[in-house]
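Participant: Would you be able to build a 3D model of this:
(one chain, ligands or ions: 1)
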Amino acid sequence: MKKQLFINYLMLAVFILAIVPTGFSQDKSLKNIAVLATGGTIAGTGESSTGSSYTAGQVRIGEMIDAVPNIRKLANLTGEQTANVGSQDMSVEVWLILANRINELLAKDDVDGIVITHGTDTQEETAFFLNLTVKSDKPVVLVSSMRPSTSLSADGPLNLYNGVAVAASDAAKGKGVLVVINDAILSAHAVKKMLTTPVHAFMSPEHGQMGTVSFGLVDFFHGPHGIHTVNSEFSIKGVKELPRVDIIYGCADVSTDLMGLMIKAGAKGIVIAGVGDGNINAGTLEAAKKATKMGIPVIRASRIPVGAVLVHGEVVDKDYGTVSSDELSPQKARILLMLAIQQDKNMSREKLQELLINY
Ligand code: ASP
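Facilitator: Predicted coordinates:
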């Protein structure tokens, strides 16, 4: 199906769902949790339960919920299929549909929380996008799995069970968007996929995990970091698309024409996944100076997975008009920059730096 046609069908489905009652089976003693499915390995299937090859985004949400024993004892559940893709194909269009639908659902008195099933590859990006654009303090939890549903020791069912338990817990309220995987509760700001394939792939190396969830037993240790949800100044109400922001991956002798090529192709902002403390070769820094003079914001992040990029490091940002990503990874800094440009095309360097430090 053509991408635009697919998006149109999604919009139509979301519209129809918005006008029908939410339809929870009412056990008054339980919370009402809406599960929105987007695909991923948690919905993936493979030929062999011991083979490594599989296709993400095959199983639909009703089937996924029904496969989890006792999950309906945790909460009244409804399921919606928002998308069904491997999260390498997650897009700004789906993010906007998802965020609008979540805002619409959470505004209803009979919806207490949201669980989103997602692929692991870009899960932290969707979590961070929603952390900045959901306007509710009700729990929003992303769940995923590293092994497909047909795998020996599939981790999806328990992750989904635990995700519903967290979304239904009073303790999760006001904590921003959360990721639940492998018994850990992680914040949207801090969560990172650190390993390519094992079940313990997700960590929060700077801040640590926020809590644990063990067979539905929820235990929070501390709150999240950064401004989120109801306190976020970003809004996607009426927004149809976000400005293009591209990432340059730093390495020795990185091609210095990349930034110019990206801008020529339509980029309205650039993130450098620099080496070390957000460093990049002299030619790219000169290109950054030119770009920022033209009003194209440039953020210095790092290709190093752990640690903040210092505002005053080897690069003196004000000499090039650049800003540091602080703790945000290149992919999360990109999301913040897309929303920032959408909100204010002429945002000052100082204001952008403040956003990067505060979110
Ligand atoms: N490629 C898959 C996805 O992100 C990987 C996963 O879900 O674990 O959808």
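Participant: Check which element follows the helix or strand hosting residue 101 along the chain.
Facilitator: Applying DSSP states H and E as the criterion places residue 101 in helix 92-106. On the C-terminal side of helix 92-106, the closest following helix or strand by DSSP H and E is strand 113-117.
Participant: so does that next one get close to the ligand?
Facilitator: No: using CB under 6 Å from any ligand atom, strand 113-117 never reaches the ligand; the gap is at least 9.6 Å. Heads up, the C-betas are built off the backbone N, CA and C, glycines and all.
Participant: swap in stretch 32-41?
Facilitator: Yes: for a cut-off given as CB under 6 Å from any ligand atom, stretch 32-41 has contacts with the ligand, namely 40-41.
Participant: for that stretch, the distance to its chain's centre please.
Facilitator: Centroid separation for stretch 32-41 versus its chain: 14 Å, with CA atoms, centre = their mean, to the nearest Å.
Participant: hey, C-alpha coordinates of that stretch in PDB?
Facilitator: Coordinates of each C-alpha in stretch 32-41 appear next as PDB, following Å, rounded to 0.1, in the frame of the first residue of the first chain:
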ATOM      1  CA  ASN A  32      -9.300   1.200  32.200                       C
ATOM      2  CA  ILE A  33      -6.200   1.000  30.000                       C
ATOM      3  CA  ALA A  34      -6.200   1.500  26.200                       C
ATOM      4  CA  VAL A  35      -3.500  -0.500  24.400                       C
ATOM      5  CA  LEU A  36      -2.300   1.100  21.100                       C
ATOM      6  CA  ALA A  37      -0.300  -1.200  18.900                       C
ATOM      7  CA  THR A  38       2.300  -0.100  16.400                       C
ATOM      8  CA  GLY A  39       4.100  -3.400  15.500                       C
ATOM      9  CA  GLY A  40       7.700  -4.300  16.300                       C
ATOM     10  CA  THR A  41       9.300  -7.600  17.300                       C
END
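Participant: how much space between the closest residue to residue 317 other than its chain neighbours and the ligand?
Facilitator: In this structure, residue 317 finds its nearest non-sequential neighbour in residue 323, 5.8 Å apart by CB to CB, 6 or more residues apart in numbering. Relative to the ligand, residue 323 is positioned 29 Å away (criterion: CB to the nearest ligand atom, to the nearest Å).
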